[in-house]
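Kindly return the folded structure for what I paste below:
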Amino acid sequence: MGTKVNLISGRTTVQGQNLDSKLSEAYFNEVATCEMSKEDMEKLNVAADEPVKVKTSYGEVIVKAKEKAGTPEGIVFIPMGPWANAVVSGDTHGAGMPSYKGIDAEIEKSSEKVLPVKELMQTYMG
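Next up is the predicted model:
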């Protein structure tokens, strides 16, 4: 069983700079991550760049753990992109954009590999 957390998502500078190159290594290294506090990483017994599984009521995804100073304990951040989209609701509430904030999630250490964007999309598109 994993640790309960509050998931948020949003844009990052590197993510925004690579919107036109979503198959690049820079985009993958920035967006296929889950930023969290040092305390949460210790709870999960996970080191930087090790895979973690993030599960919500909307789906689950494997991303790389990333310690981020200043991140409050119990809050995790996945940059906007295909990996975040795997665990957020597709309902836009008429706004044209899903809600990327305040999603109840569970996170746990994983031995699964972080899928590159093409493989991730094939998983969800069938």
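
Which residue ranges of the chain form strands?
3-10, 33-36, 51-56, 59-67, 75-79, 103-109 (DSSP state E).

out of the ones you listed, nearest to residue 120?
Among the strands of the chain, the nearest to residue 120 by C-beta to C-beta is strand 59-67 (7.6 Å). Heads up, the C-betas are built off the backbone N, CA and C, glycines and all.

Mind giving me the packing neighbours of that closest one?
strand 33-36, helix 38-44, strand 51-56, helix 82-85 (3 or more C-beta pairs under 8 Å, 6 or more residues apart in numbering; DSSP states H and E).

pLDDT score assigned to residue 75?
Note on residue 75: pLDDT of 96.

Equivalent analysis for residue 26, please.
The model's pLDDT for residue 26 equals 73.

Name the stretch among the strands of the chain that sits most buried.
strand 33-36 (a mean of 26; mean count of other C-beta atoms under 10 Å).

To residue 7, which of the helices and strands packed on strand 59-67 lies closest?
strand 51-56 (6.5 Å).
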